[in-house]
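> show me the folded form of this:
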Amino acid sequence: MKKNRRNFIKQAGAAAGIAATSSWLPNIQVKANDLTENLEEEVLPTPAQKAWMDLGFGLFVHFGINTYYDREWSDGTLDPIKFNPTQLDTDQWCRAAKAAGMKYIIPVCKHHDGFCLWDTKYTDYSVNATPFKKDVLAEVANSAHKHGLKLGVYYSLWDRNNLLHDTNEPAYVDWMKLQLEELLTNYGEITELWFDGFWKKQQHGWSKKISDEAGENIAKDASENRDEKFIKAWRAEGAYRWQMDHVYQFVKELQPNCMVMNTPTTAYQGLPLHPVDIRSGEKYTDVKKDRKIWPWLGKDIYLPLQVETTLSASGNKKFPSGNWFWHENDKSVKSKETILDYLATTKKMQANLLLNAGPSTAGKLRPEDEKVLMSLQD
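Here you go, the predicted structure:
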């Protein structure tokens, strides 16, 4: 793949209202609703946000070192010798996504274990240390372009393989910026940059004791005061320790129209970890009120929502509603009707839906996933 150093793709056109277009969701009629709070007519999405909202439906792909060890999470010590997708078929991933009506694809480029799916110069814990050797992200980028899909990337802030994460925060952020520059300059236009794993640098603001791996548990009795306390804690500690204001500006220098998201964990779904352009509502599979207008830098801004869930229907103790990575004994898959319900829900919430699939060790989507994706527009 020819590298395109700092080739910024300009987004054109003016914002045309707050509701995302729904050409990706045929034959579903939705009545007007009042699901937004504090919505003022003059506070609209930016053109770049509107372009992202118009994508509507995307494919999330969990594929990495965990795929080869029957794990959902790992600690950065798994031997990369097992990573060898001899039948890698990113065309299949993108072909199924396109058939489903999806318009973008986001592979997990680095999960919390630190294993990198791309040809990075800044760690040995990557595809370069495997028998496979090839740059998986480059393969996805090529297939996405071929099938007319936009490309996004998921990048975990937490890195359990890099000792700098726990010993030298400024040096770690400098290292992280080198990796982000690779991701944002070598693969063309990146429509979304999804950060995860922030909680390792935020020890206060939680309403309950946090776990080492997943932050606070699923929210119960959430209140507005609880949410405000959490956002303030993020700005007072997490954003400072991650240097997130600086990192955000760095991203925008490289790709001005890339939508930045920072997952607040499932305990605080939909809250913005400023500075961001979009918000995460992981596992929002039922219609909920969703606040679109948030204060930032002395004014109100519009922050659209992305809802993430997975095709697997039967998970483990940590993820009982479905696995994210592939597991040989998991043949479960959500039905076409369930997925169409998810699409209707996200449309009502004026949100995008990002639906996950976990390719197998061979590098191909599960037959169950491919079949249901191919059926969505029948």
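
> can you show me the CA trace of the helix or strand containing residue 368 as PDB?
Under the criterion DSSP states H and E, the helix or strand holding residue 368 is helix 367-375. C-alpha atoms of helix 367-375 as PDB (Å, rounded to 0.1, in the frame of the first residue of the first chain):
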ATOM      1  CA  PRO A 367     -19.900 -18.400   8.800                       C
ATOM      2  CA  GLU A 368     -22.600 -17.400  11.300                       C
ATOM      3  CA  ASP A 369     -21.600 -13.800  11.200                       C
ATOM      4  CA  GLU A 370     -21.200 -13.600   7.500                       C
ATOM      5  CA  LYS A 371     -24.600 -15.200   6.900                       C
ATOM      6  CA  VAL A 372     -26.500 -12.800   9.100                       C
ATOM      7  CA  LEU A 373     -24.700  -9.700   7.800                       C
ATOM      8  CA  MET A 374     -25.400 -10.800   4.200                       C
ATOM      9  CA  SER A 375     -29.100 -11.200   5.100                       C
END
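
> would you mind listing the buried residues in the helix or strand bottoming out on mean pLDDT in the chain?
Scoring the helices and strands of the chain by mean pLDDT, DSSP states H and E places helix 224-233 at the bottom, with a mean of 91. Buried residues in helix 224-233, counted by 16 or more other CB atoms under 10 Å: 226-227, 230-231, 233. C-beta coordinates here come from the backbone N, C-alpha and C atoms, glycine included.

> how close does residue 323 get to residue 64?
In this view, residue 323 and residue 64 are 13 Å apart by CB to CB, to the nearest Å.

> again with residue 194
According to CB to CB, residue 194 stands 15 Å off from residue 64.

> tell me which element the residue nearest in space to the middle of the chain falls in.
Using CA atoms, centre = their mean, the residue of the chain that lies closest to the mean C-alpha position is residue 194, 4.5 Å off. Using DSSP H and E, residue 194 sits within strand 192-196.

> who are the neighbours of that strand, in terms of helices and strands?
strand 104-110, strand 150-156, helix 169-185, strand 259-262 (3 or more CB pairs under 8 Å, 6 or more residues apart in numbering; DSSP states H and E).

> what mean pLDDT does it get?
In this model, strand 192-196 has a mean pLDDT of 98.

> one more: stretch 59-69?
For stretch 59-69, the mean pLDDT works out to 98.

> may I see the buried residues of that stretch?
59-68.

> then that stretch to PDB, C-alphas only?
Written as PDB, here are the backbone C-alpha positions of stretch 59-69 (Å, rounded to 0.1, in the frame of the first residue of the first chain):
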ATOM      1  CA  LEU A  59     -18.400  -3.100  11.400                       C
ATOM      2  CA  PHE A  60     -16.200  -3.400  14.500                       C
ATOM      3  CA  VAL A  61     -13.500  -6.100  14.200                       C
ATOM      4  CA  HIS A  62     -11.800  -7.700  17.300                       C
ATOM      5  CA  PHE A  63      -8.800  -9.600  15.900                       C
ATOM      6  CA  GLY A  64      -5.400  -9.900  17.600                       C
ATOM      7  CA  ILE A  65      -3.200 -12.000  19.900                       C
ATOM      8  CA  ASN A  66      -6.300 -12.900  22.000                       C
ATOM      9  CA  THR A  67      -7.800 -14.700  19.000                       C
ATOM     10  CA  TYR A  68      -5.100 -17.300  19.200                       C
ATOM     11  CA  TYR A  69      -5.300 -18.000  23.000                       C
END
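
> residue contacts, residue 195?
Applying CB atoms under 8 Å, 6 or more residues apart in numbering, we find residue 195 in contact with 155-157, 260-263.

> now those: which count as buried?
155-157, 260-263.

> contacts only, for the residue nearest to the centre of the chain.
Residue 194 neighbours (CB under 8 Å, 6+ apart): 106, 152-155, 261, 263, 280.

> and for residue 116?
Contacts of residue 116 (CB under 8 Å, 6+ apart): 109-110, 123, 125-127, 179.

> please repeat the previous calculation with a cut-off of 10 Å.
Each residue near residue 116 by CB atoms under 10 Å, 6 or more residues apart in numbering is listed here: 64-65, 80, 109-110, 122-129, 135-137, 155, 159, 161, 179, 182-183.

> what's opposite it in the beta bridge?
With DSSP bridges as the criterion, residue 116 is bridged to residue 110, residue 126.

> measure it to residue 285 for me?
Taken as CB to CB, the span from residue 116 to residue 285 is 31 Å.

> what subset of the contacts of residue 116 is buried?
Using 16+ other CB under 10 Å as the burial test, these include 64-65, 80, 109-110, 123, 125-129, 135-137, 155, 159, 161, 179, 182-183 as buried.

> shared neighbours of residue 323 and residue 64, anything?
Common contacts of residue 323 and residue 64 (CB under 10 Å, 6+ apart): residue 358.

> would you map the helices across the stretch 1-150 of the chain?
Using DSSP state H, counting those that start in this stretch, the helices assigned to the stretch 1-150 of the chain run over residues 47-53, 90-100, 136-146.

> dump the last one to PDB, keeping only the CA atoms.
Output of helix 136-146 as PDB, limited to C-alpha atoms (Å, rounded to 0.1, in the frame of the first residue of the first chain):
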ATOM      1  CA  VAL A 136      -3.100  -6.400   8.800                       C
ATOM      2  CA  LEU A 137      -4.300  -2.800   9.000                       C
ATOM      3  CA  ALA A 138      -2.900  -2.200   5.500                       C
ATOM      4  CA  GLU A 139      -4.900  -5.200   4.300                       C
ATOM      5  CA  VAL A 140      -8.000  -3.800   5.900                       C
ATOM      6  CA  ALA A 141      -7.400  -0.300   4.500                       C
ATOM      7  CA  ASN A 142      -7.000  -1.700   1.000                       C
ATOM      8  CA  SER A 143     -10.100  -3.800   1.200                       C
ATOM      9  CA  ALA A 144     -12.100  -0.900   2.700                       C
ATOM     10  CA  HIS A 145     -11.100   1.300  -0.200                       C
ATOM     11  CA  LYS A 146     -12.000  -1.400  -2.700                       C
END
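
> understood, closing this out.
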